[in-house]
Every structure is written in structure tokens, then in C-alpha cells.
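**Q** take this sequence and fold it.
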Amino acid sequence: MTANRPRRSALYMPASNARAIEKAKTLACDVVILDLEDAVAPEAKAEARQLAVEAVKAGGFGAREVVIRINGRDTPWGAADLGAAAAAGADAVLVPKVASPDDLAHYAAPLQGKTRLWAMIETCAAIFALDALGRAAPSAKNDVWIVGSNDLVKEMRCRARPDRAPLVPALSLAVMAAHANGVAILDGVYNDIPNLEGLARECEQGLDLGMDGKSLIHPTHLEAANRAFTPTAEGVAWARTVASAFAAPENTGKGVLKVDGKMVERLHLAEAERLIAISEAIAALQG
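**A** Residues are numbered from 1 along each chain as shown. The predicted structure follows:
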């Protein structure tokens, strides 16, 4: 698993648009998702598949993770997408509407080399199978989940409110199941493209819920997501203080300490170490 790899911003780019793919190589995103599914019309699916494979093989994405999102196994394009994406050499293949460990096993079977499996959590069935999906993730090379909030709203027939109140129980359960099994989880996209204030609020909500980053549909959303999911200087400084306190020889073996007037336990040390690792990884990407 790659829990400490920064995935603050995962930008969908239509794989049918060669210019958009080239632009992605210059953008401040941690992840580029070359999309063969929602962003591509049926008549353009085959061409988009070829362009995505060519783009991955050509490289030039720098330190960004490159992921190909394919069409589902129940579509006319799913089998060809999976075969092509699995052999392309991408960092991961992102698959839609997983609902069972059998889905994960099906998609993982043809993966080769470094390529990992990412999965969309976007159905009511997936929410009720979160524990099983999480436990199956390691054997399926499944490192990351992305919440498909638009599809989830559609299936639930709930109202798409700005505060996402109807979705919060599902989002929280998905976060808990992911982190219980060492899987990173990214929040769903924000649909109101020009509303950057609303986007910032939703990014903060995702951070509060425990998300590791956010999936995005427009380059103008990158700044807000990167800002929200980058540990603050104050947070990192406190994390280093906690780590230093536990590392002091006089505190060897202690489970609880008093640091700057606050009680901290070893569970706080684990979180401090994670925060430091994320911060250092972000600095390395930017350096």
C-alpha cells in the first residue's frame, strides 16, 4: 500500500482529447486520470482507449500518478478497456461501480507489473459491501478508492444539497472501511465549476471526514484541493514536537506523555508520523 503518497488532487481528463492530455502534464495535480468512461461519448470510446495507452507509453507526466479509468465489465467496451489498460504500464487502472470482492478479483486478474487497481465506490451495493471490499483489497492490488458521489446520489434518489447531508453517513462509512484496511480514499468531484468558494468548503468537509484528497473535473479546482489537503505548517510543527517527545530517551516505553500541556498517546504519535511523511512527500514533489 502507498498510504503516504500525496493524492491531494486527482484530475479527470477525457482520454479522447489529446490536447487535454498534453495539458495535464503541466498542471499541479498529484494524479492524472485518463478517462474512458463518463467523459467519452460511445462513438469515441475506441479512439480514446488508443490515445490513453499511447499517452501512458509516451510518458512525460513527471511525478504525477497516471491512472486510466475504464468502462465497466458489463459494458460493450469493458473487456477491451481492461486488457489495454492493464498492459499499458499505467500506475493504476480505475474501475467503476465495484460491488463485491468478485468485481475486484475480475479487474485485478490481468494487471501487470507496477500497475495497481483503483476502485470507484459509487453504488448502494458498494456501501453495504465496504467491509468485504476492504478486506479483499490487498489481494486485489487495490490501493485506492474514489467516491463516485454523483452516481451515489442518483442511486439513493437523495437531494444533492451543498452540505451533502444525505451522503455523509455513506462517506464516513467508506472512509472507515478504507482506512481500516490500508486503502487510501479520495472524495467525489464538485460539480459547480465556477463556484470556488463552495469547492473550498467541500474540500474542507472531505478533510474533516478523513478523505486523503479529492477527485476533480476542472483544472481551476486544483488550487483549492491542494491547499486543503496539504498539512498546515502549524500541524506539521506540532507533529514534529510530538514525534520528538516520544523519541526522547527519558520517554522510552511510555504510552502517554504530556506535551506542551496536552496529553498525547502513541496513537497521536502514529498520526504525527503520518502527517510528517505526507508533508515531506509533498515537499519532494514540489522540489
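
**Q** can we go C-alpha only for contacts and neighbour counts from here?
**A** Noted.

**Q** check contacts around residue 77.
**A** When contacts are counted by C-alpha atoms under 8 Å, 6 or more residues apart in numbering, residue 77 touches 45-46, 71.

**Q** residue 93 sits in which helix or strand?
**A** Taking DSSP states H and E as the definition, residue 93 sits inside strand 92-95.

**Q** which strands or helices does the helix or strand following that strand pack on?
**A** Using DSSP H and E, the helix or strand that follows strand 92-95 in sequence is helix 101-108. Secondary-structure packing of helix 101-108 (3 or more C-alpha pairs under 8 Å, 6 or more residues apart in numbering; DSSP states H and E): strand 116-121, helix 130-136.

**Q** nearest to residue 168 among those would be which one?
**A** Nearest of the helices and strands packed on helix 101-108 to residue 168, taken as C-alpha to C-alpha: strand 116-121 at 13.8 Å.

**Q** chain center to stretch 209-217, what's the gap?
**A** Stretch 209-217 has its C-alpha centroid displaced from the chain centroid by 6 Å (C-alpha atoms, centre = their mean, to the nearest Å).

**Q** between the two ends of it, how far is it?
**A** In stretch 209-217, first residue to last residue: 21 Å (C-alpha to C-alpha, to the nearest Å).

**Q** rounded mean pLDDT for it, please.
**A** Mean per-residue pLDDT for stretch 209-217: 98.

**Q** who touches that stretch?
**A** Residues beyond stretch 209-217 that count as contacts (C-alpha under 8 Å, 6+ apart) turn out to be 6-13, 146, 171-172, 175, 184-191, 203, 206-207, 222, 225, 229.

**Q** return the members of those classed as buried.
**A** The neighbour-count test (16 or more other C-alpha atoms under 10 Å) marks 6-13, 146, 171-172, 175, 184-190, 203, 206-207, 222, 225, 229 as buried among the contacts of stretch 209-217.

**Q** element containing residue 32, please.
**A** strand 31-35.

**Q** neighbouring strands of that strand in the sheet, and parallel or not?
**A** Sheet pairing for strand 31-35, assigned by DSSP bridges, gives strand 9-14 (parallel), strand 65-69 (parallel).

**Q** relative to residue 119, which of those is closest?
**A** For the strands paired with strand 31-35, proximity to residue 119 was assessed by C-alpha to C-alpha; strand 65-69 is nearest, at 9.2 Å.

**Q** show me the helices in this protein, by range?
**A** Here the chain has its helices, by DSSP state H, at 18-24, 45-58, 78-88, 101-108, 124-128, 130-136, 149-156, 168-180, 196-209, 222-228, 233-247, 266-286.

**Q** so can I have CSV of the ones you listed showing distance to residue 65?
**A** Below are these laid out as CSV (distance: least, C-alpha to C-alpha, whole Å):
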stretch, distance to residue 65
helix 18-24, 11
helix 45-58, 10
helix 78-88, 14
helix 101-108, 18
helix 124-128, 25
helix 130-136, 22
helix 149-156, 22
helix 168-180, 20
helix 196-209, 20
helix 222-228, 15
helix 233-247, 24
helix 266-286, 11
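
**Q** and residue 34, which of those is closest to it?
**A** Nearest to residue 34 among the helices of the chain is helix 45-58 (6.3 Å), distances taken as C-alpha to C-alpha.

**Q** residue 252 contacts residue 266, correct?
**A** No: taking C-alpha atoms under 8 Å as the definition, residue 252 is not a contact partner of residue 266, at 11.6 Å.

**Q** give the residue from these two that has the larger number of neighbours.
**A** Applying other C-alpha atoms under 10 Å to residue 252 and residue 266 shows that residue 266 carries more neighbours, namely 15 against 10.

**Q** burial of the closest residue to that one other than its chain neighbours, as a residue count?
**A** Leaving aside its sequence neighbours, residue 266 sits nearest to residue 255 (C-alpha to C-alpha, 6 or more residues apart in numbering; 5.7 Å). Residue 255 is flanked by 12 other residues according to other C-alpha under 10 Å.

**Q** for residue 255, report the pLDDT, please.
**A** For residue 255, the pLDDT comes out at 93.

**Q** dihedrals phi and psi, it?
**A** As for residue 255, its main-chain torsions (degrees, to the nearest 10) stand at phi -100, psi -20.

**Q** how close does it sit to residue 106?
**A** Distance from residue 255 to residue 106, by C-alpha to C-alpha: 44 Å.

**Q** if we can go back for a sec, got the helices and strands packed on helix 101-108 as a markdown table, with mean neighbour count and mean pLDDT columns?
**A** A markdown table is the format used below for these (neighbours: other C-alpha atoms under 10 Å; pLDDT from 0 to 100):
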| stretch | mean neighbour count | mean pLDDT |
| --- | --- | --- |
| strand 116-121 | 26 | 98 |
| helix 130-136 | 20 | 98 |
